[in-house]
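K.L.:
quick one, what's the 3D model for this:
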Amino acid sequence: MSKVWFITGASRGFGLLIAKDALARGDQVVATARNPDTVTEALGQHPNLLALRLDVTQEAPAVLAAHAAIERFGRIDVLVNNAGYGLLASVEEATDAEIRAQYDTNVFGLLNVTRAVLPHMRARRAGHIINISSVGGYKSYAGWGIYTSTKFAVEALSESLAMELAPLGIYATTVEPGFFRTDFLDASSLKNAAQPIAAYEATVGEMRNLMAGANHRQPGDPQKLSLAILQLADAPRPPVRLPLGSDTVAGIREKNAFVEQELAQWMTVAMSTDHDDVAPLPQAA
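P.N.:
Next comes the predicted model:
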């Protein structure tokens, strides 16, 4: 049975590829972008395609877009919250305006669209929300603190959604891509601090140099990611997390090992703060 997709940020990158592959296999796609003409220019006119204008930072247009999707295709099976961009700056360098703009798109935009679509999924007691996070949603890096904090938020929201929606027959998955060969490191998707601070040259400055050299040389294949997303959408019991890319897998293992090592080092202090009359927690069999 074909699926109905609702994809944000579908004018390029992951969103465009997922829309293209979904259409190619006979699915129906609601592809949203700030400028829907860029969607139709990339995908052409297609009877199974509905290209809609949507700025995810605005709640009312998200509600209207969800209603338009239902009017055209009758349901929404898969929501892909893909719209977002990066900010490369130290935490101190990032201005209030830069931080708020990052959160408006990457976090509050995701929430706007999710809240707009969920009532329709709840009415059918079926659906799958796929939130595009990042390896940076699991492990942070110098220069990426603001961006990764938005993706940490996406991870937390996705975990809670998975628990809240499971009894309703709806799934939620956070996808954690590593570095893929898209335009993410171009000026169209990545913003740099407007006022760099020289004191961070050895950390954030080095990261800027590293990213400039990595642009369009990233290890991940976007086409393979798109096919993985289709496979995820077809899974009868999808995971809460799906890491994609060898660099993400390595990053997760490195983070887990670091946390375990630090926990062991500070275990005595960590366990010393309970009341003396607290009984030990029962151990799993």
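
K.L.:
CA only for contacts and neighbour counts going forward, please
P.N.:
OK.

K.L.:
tell me the secondary structure of Glu92, please.
P.N.:
Following DSSP: H, G, I helix; E, B strand; the rest coil, Glu92 is assigned to coil.

K.L.:
residues near it, how many?
P.N.:
For Glu92, the neighbour count with other CA atoms under 10 Å is 15.

K.L.:
from Gly245, how far out is it?
P.N.:
The gap separating Glu92 from Gly245 is 30 Å, by CA to CA, to the nearest Å.

K.L.:
same question for Gln261.
P.N.:
From Gln261 across to Gly245, the span is 25 Å (CA to CA).

K.L.:
and those two? Which one has more around it.
P.N.:
Using other CA under 10 Å, the more surrounded residue of Gln261 and Gly245 is Gly245, with 20 against 12.

K.L.:
is it true that the more buried one touches Gly220?
P.N.:
Yes. At 6.0 Å, Gly245 counts as touching Gly220 under the criterion of CA atoms under 8 Å.

K.L.:
got a list of what the residue positioned nearest the centre of the chain touches?
P.N.:
Residue closest to the mean C-alpha point of the chain, counted by CA atoms, centre = their mean, is Ile132 at 2.2 Å. Listed by CA atoms under 8 Å, 6 or more residues apart in numbering, the contact set of Ile132 reads 80-82, 174-177.

K.L.:
show me how far the longest strand along the chain is from its chain's centre.
P.N.:
Longest strand in the chain by number of residues, with DSSP state E as the criterion: strand 170-177. Put simply, strand 170-177 sits 8 Å off its chain's centre (CA atoms, centre = their mean, to the nearest Å).

K.L.:
now do it: which elements does it pack against?
P.N.:
Packing partners of strand 170-177 (3 or more CA pairs under 8 Å, 6 or more residues apart in numbering; DSSP states H and E): strand 127-132, helix 145-165, strand 241-244.

K.L.:
hang on, the earlier thing: overlap in contacts of Gly245 and Gly220?
P.N.:
With contacts taken as CA under 8 Å, 6+ apart, the residues that reach both Gly245 and Gly220 are 178-179.

K.L.:
ok so, going back, which one, of the helices and strands packed on strand 170-177, ends up nearest to Val278?
P.N.:
helix 145-165 (28.1 Å; CA to CA).

K.L.:
what lies in contact with the closest one?
P.N.:
Helix 145-165 has contacts (CA under 8 Å, 6+ apart) with 86-91, 94, 99, 102-103, 106-107, 131, 133-134, 136-141, 170-174, 240.

K.L.:
of the residues you listed, buried ones?
P.N.:
86-91, 94, 102-103, 106-107, 131, 133-134, 136-140, 170-174, 240 (16 or more other CA atoms under 10 Å).

K.L.:
ok, so what distance separates the residue nearest to the centre of the chain from Lys139?
P.N.:
15 Å.

K.L.:
again with Met207
P.N.:
With CA to CA as the criterion, Met207 and Lys139 are 15 Å apart.

K.L.:
got it, and Lys151?
P.N.:
10 Å.
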